[in-house]
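> Need coordinates for the below:
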Amino acid sequence: MLLPMAPTDSLFLLGESREHPMHVGGLAVFTPPEGTSAADLRAMFDTALAGDQVAAPFRKRARRSVTSLGQWGWDHLPHDEVDLEHHVRRDALPRPGGMTELMTLVSRLHGTLLDRSRPLWEMHLIEGLADGRYAIYTKIHHALADGASAMRLLRDSMSEDPHRRNMPTPWQPRNPLTAVPDAGVAVSGGLGSALPAMAWDAARAAVGEVAGLLPAAVGTVDRARRGKGGAVSLTAPHTLFNVPISGARHVAARSFPLERIRLLAKHADATINDIVLTMCAGTLRAYLHTRDALPDNPLIAMVPVSLRAPDTGTGERAPGGNRVGVLMCNLATHLPDPAHRLETVRNCMNEGKAALQAMSPAQVLAMSALGAAPLGVEMFLGRRGPLRPPFNVVISNVAGPRTPLYWNGARLESLYPLSIPTTGQALNITCTSSDDQIVFGLTGCRRTVPDLHPMLDQLDAELDLLETAVGL
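Numbering: from 1, shown residues only. Predicted coordinates:
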C-alpha cells in the first residue's frame, strides 16, 4: 500500500527532467581521529555495508499506480530489498587530491539523476584527499527531504562526544534492536484511523482562512507595486542567470569564520542573514559588471525565511510556533556603496518579515506560493526560462550544527551545501553554518555559469568592504 505523498513534495518529481535534476546535496569532510587514517574510516563503512538494516527514510521509494489514481506516493521497501551497494558508492580523487579535484568530482556527481526505481538517495565515500581527510557526498531527492530535513539526518547520525564509538552510519537505524512500525503499516489508532479527522480539521481550517486570503493577496501585491519587502516581486530585471539551463552542474564553496560575520551584524544593527545577502549582492554586482551585463534595476533574490516566534521566557513558544515563508529581497545591485546596499537589504527584509508575521500560517504559505508561481508554471509548461523572471536568484541560509560533531571519533571539519538550479534560475546560493564557520555553497548550470571561482574571491572582498563600511 502506498503512503500518500504531500502535493508539494510530488511537485519536485513532476518538475524533474534530465536538464532539471531535483535533488539537494551535501559534502561533508572529516578528519580521522588521532592514530587512525582515512582507510580506517573506509573499513568502518565497509563493515556497515555488510549489515542488513536500513533506516526508514532510506527505504522510501516514490511510486504511482492505478490504485493511487496516478498520484505519487511512498512505497516502503523491506530492509532486504534495498541494494546498499547501489546507494553507497566508493570514489577516489586523482592527484594531487586537493579541493579542486574534490569539487570537480562532486560537480559531476551532482548533475546525474537519481534512479527512480529505487529509494531516492546516494552516498559517495571519497578517498584520496592529500591531507588525509575523508569526504562524503550525499544527495537526496527534494521530494524526500529539503535542506533542513537533510541537516537533521546528518545531526542524528553524529555525536558531540569525540570518544563515542560503534556509531551507526547515516543509513542505519539509530537503534536496530528497537522495533518501530514502518510508516504506512496499519496499526491500531495509527495514521489510517487518524486520516479522516485530519482531513476534516484541514477542511475546516481552510474555510476559516478563505476570507483572509484576498486582503492578504491585495496587500502583498500592493507592497510589491510600491517596491516594499514581501513575498511577491514585480520588478526583477532579466539577467544572464535567467535563461534555460542544462543538466550539467558546477559547484564551488567558501567558508568564513561565523564569529566574524556575527560581529559585523552586531555593529551594523543587522542580522547574520542580512550580511549574507549583502555579501551575495556585492558579489553578483561585480560578476555581472565585469561581463558588461549589470542591469540598471536591482536584482531580486528569493529568500526562504524562518518566522519562528521569539522565546517568551516561560518555557513555551510564543503564539505562532514554527513558521517559514518566502521573501523577495531587493539586493540593491544598482548601488555602488556597500553600506547603502546593506541598508536597502536590511530594510527590505525587515519590511517583508513584518508583513508575513501579520499573516496566518495559511496566508504565509499562499502568498509565498503566489511569489514563486510564475517560475513554477514555466517549469511545468515551457521549461524555456521566463521572459521576465519573478526573481533572479535563490539565496537560502540553512542552520547547521552549532557545536563540533563527530562520527566514531572523526571530526566534521566542513559541511558544504549543494542545491538546485532550475529553469530560468541558473545559479543557487545556499549557506549553512557548521560549528564555528559559515559556508557559502554555489551551485550553477555549468553551461550558463562555467566558472564560479571569481564569485568566491568576490565574497572575500565584499566581507572586507562591509567591515570597513561599519568601522571594523
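> in this structure, which spans are helices?
7-14, 38-49, 84-87, 99-110, 147-156, 191-225, 258-267, 272-290, 338-357, 361-381, 453-469 (DSSP state H).
> Switch those over to JSON lines; also include mean pLDDT, distance to Leu129 and mean neighbour count.
C-beta coordinates here come from the backbone N, C-alpha and C atoms, glycine included. Formatted as JSON lines, the helices of the chain follow (pLDDT from 0 to 100; distance: least, Cβ to Cβ, whole Å; neighbours: other Cβ atoms under 10 Å):
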{"stretch": "helix 7-14", "mean pLDDT": "83", "distance to Leu129": "32", "mean neighbour count": "16"}
{"stretch": "helix 38-49", "mean pLDDT": "94", "distance to Leu129": "7", "mean neighbour count": "15"}
{"stretch": "helix 84-87", "mean pLDDT": "96", "distance to Leu129": "22", "mean neighbour count": "14"}
{"stretch": "helix 99-110", "mean pLDDT": "97", "distance to Leu129": "7", "mean neighbour count": "19"}
{"stretch": "helix 147-156", "mean pLDDT": "78", "distance to Leu129": "19", "mean neighbour count": "18"}
{"stretch": "helix 191-225", "mean pLDDT": "56", "distance to Leu129": "44", "mean neighbour count": "13"}
{"stretch": "helix 258-267", "mean pLDDT": "96", "distance to Leu129": "24", "mean neighbour count": "16"}
{"stretch": "helix 272-290", "mean pLDDT": "97", "distance to Leu129": "27", "mean neighbour count": "23"}
{"stretch": "helix 338-357", "mean pLDDT": "94", "distance to Leu129": "35", "mean neighbour count": "20"}
{"stretch": "helix 361-381", "mean pLDDT": "75", "distance to Leu129": "37", "mean neighbour count": "18"}
{"stretch": "helix 453-469", "mean pLDDT": "97", "distance to Leu129": "19", "mean neighbour count": "17"}
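> burial of the closest residue to Pro168 other than its chain neighbours, as a residue count?
Leaving out its chain neighbours, the residue that sits closest to Pro168 by Cβ to Cβ, 6 or more residues apart in numbering is Arg174, at 6.3 Å. With neighbours defined by other Cβ atoms under 10 Å, the count for Arg174 comes to 11.
> thinking Arg174 is in contact with Asp156, fair?
Yes - Arg174 is within contact range of Asp156, at 6.7 Å (criterion: Cβ atoms under 8 Å).
> Quick one: the helices of the chain as JSON lines, columns for distance to Val326 too.
Shown next, in JSON lines, are the helices of the chain (distance: least, Cβ to Cβ, whole Å):
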{"stretch": "helix 7-14", "distance to Val326": "13"}
{"stretch": "helix 38-49", "distance to Val326": "38"}
{"stretch": "helix 84-87", "distance to Val326": "32"}
{"stretch": "helix 99-110", "distance to Val326": "24"}
{"stretch": "helix 147-156", "distance to Val326": "14"}
{"stretch": "helix 191-225", "distance to Val326": "11"}
{"stretch": "helix 258-267", "distance to Val326": "22"}
{"stretch": "helix 272-290", "distance to Val326": "13"}
{"stretch": "helix 338-357", "distance to Val326": "9"}
{"stretch": "helix 361-381", "distance to Val326": "4"}
{"stretch": "helix 453-469", "distance to Val326": "23"}
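> who's in contact with the residue lying closest to Thr36 once chain neighbours are set aside?
Once flanking residues are discounted, Thr36 sits nearest to Gly409: 7.3 Å by Cβ to Cβ, 6+ apart. By Cβ atoms under 8 Å, 6 or more residues apart in numbering, the contact set of Gly409 is 32-33, 36, 162-165.
> ok, now Leu109?
Shown in contact with Leu109 (Cβ under 8 Å, 6+ apart): 91, 122, 124, 137, 139.
> which one is the most centrally placed residue in the chain nearest to, not counting chain neighbours?
In the chain, the centroid-proximal residue (Cα atoms, centre = their mean) is Gly147; its distance is 3.5 Å. Distance criterion Cβ to Cβ, 6+ apart; nearest residue to Gly147, sequence neighbours excluded, is Val398 at 4.4 Å.
> From Ala301, how far out is that neighbour?
15 Å (Cβ to Cβ, to the nearest Å).
> go on, Leu3?
35 Å.
> The residue nearest to the centre of the chain contacts Leu415, correct?
No - Gly147 lies out of contact with Leu415 (Cβ under 8 Å); the separation is 11.3 Å.
> what touches both of these two?
Thr432.
> one step back: the residue nearest to Gly147: neighbouring residues, count only.
Counted by other Cβ under 10 Å, the residues lying close to Val398 total 21.
> hey, what's it bridged with?
For Val398, the beta-bridge partners are Thr432 (DSSP bridges).
> for it, what are its contacts?
For Val398, the contact set (Cβ under 8 Å, 6+ apart) comprises 147-148, 151, 417, 430-432.
> Just flag the most distant two among those.
Largest separation among the contacts of Val398 by Cβ to Cβ: Ala148 and Cys431, giving 12.9 Å.
> Indicate which one of the helices of the chain is closest to Val305.
Proximity to Val305 (Cβ to Cβ) singles out helix 338-357 among the helices of the chain, at 6.3 Å.
> Tell me what angle the closest one forms with helix 453-469.
Angle, helix 338-357 to helix 453-469, by axes from the mean of the first three to the mean of the last three Cα atoms, to 10 degrees: 90 degrees.
> helices and strands around helix 338-357, which ones?
Applying 3 or more Cβ pairs under 8 Å, 6 or more residues apart in numbering; DSSP states H and E, one finds that helix 338-357 contacts helix 191-225, helix 272-290, strand 300-306, strand 324-330, helix 453-469.
> what are the bridge partners for the residue nearest to Ser159 when sequence neighbours are not counted, then?
Distance criterion Cβ to Cβ, 6+ apart; nearest residue to Ser159, sequence neighbours excluded, is Tyr406 at 5.6 Å. Per DSSP bridges, the residues bridged to Tyr406 are Ser159, Arg411.
> and Tyr406, what pLDDT?
Looking at Tyr406, its pLDDT reads 96.
> what does Ala55 give?
94.
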